[in-house]
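Colleague: the following comprises the amino acid sequence and a computationally predicted model.
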Amino acid sequence: MAAERQTKQKAIIYEALKTLDHPTATEVYGYVHERYPSVSRATVFRVLSGFSSSGRALEVRLAGSDMRYDYNVNEHYHVHCRCCGKIADVEVTIKTPATKTVSESCGYLIDGFAAEFFGICPACAENKSCC
């Protein structure tokens, strides 16, 4: 397979992913458009989809939230603030004996799973903004 061509637009969009914290595609477009108005919304969405397909970024699908993107492709989980909607990385190891149990229960060959944590972020807890 040929190596992915690195364009200026891809570099700009990847910079946005690293700068913003688990952004939506619309947030990435806003960031990019402010700095480089010639980059279209369609280009941003297409490049993000390509990053996800190639493994350069993760699509983060959390309940009650628009799809987000994460440049951190290492194995990790996410925590979602119930108040402000902030999403943060959780760098913990979760043991997976449950996959064998699930497989035995339903007959599926389990090749992955997602864990989603909910809570109140430190800023919201401190401000008691929704607690």
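Modeller: Thanks, I have it.

Colleague: let me see the contact set for Glu116.
Modeller: For Glu116, the contact set (CB atoms under 8 Å, 6 or more residues apart in numbering) comprises 62-63, 77-78, 80. Using the backbone N, CA and C atoms, a C-beta is placed for each residue, glycine as well.

Colleague: just the residues you listed: which are in helices?
Modeller: With helices defined by DSSP state H, no entry of the contacts of Glu116 lies inside them.

Colleague: from the residues you listed, which two are the most distant?
Modeller: In terms of CB to CB, the contacts of Glu116 reach their longest pairwise distance at Ala63 and Tyr77, which sit 13.8 Å apart.

Colleague: so between the two, which is more surrounded?
Modeller: The neighbour count for Ala63 versus Tyr77, taken as other CB atoms under 10 Å, is higher for Tyr77 (15 against 7).

Colleague: returning to what we had before: make CSV out of the contacts of Glu116 and add distance to His33 and pLDDT.
Modeller: Formatted as CSV, the contacts of Glu116 follow (distance: CB to CB, whole Å; pLDDT from 0 to 100):
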residue, distance to His33, pLDDT
Leu62, 25, 79
Ala63, 29, 75
Tyr77, 31, 87
His78, 26, 90
His80, 26, 89
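
Colleague: can you list phi and psi of the residue lying closest to Leu58 once chain neighbours are set aside for me?
Modeller: Nearest residue to Leu58, sequence neighbours excluded (CB to CB, 6 or more residues apart in numbering): Asp70, at 4.4 Å. Main-chain dihedrals, Asp70, degrees, to the nearest 10: phi -140, psi 120.

Colleague: outside of the lowest-mean-pLDDT helix or strand in the chain, which residues touch it?
Modeller: Of the helices and strands making up the chain, the lowest-confidence element is helix 98-106, at a mean of 79, by mean pLDDT, DSSP states H and E. Outside of helix 98-106, the residues that reach it under the criterion CB under 8 Å, 6+ apart are 108-110, 113.
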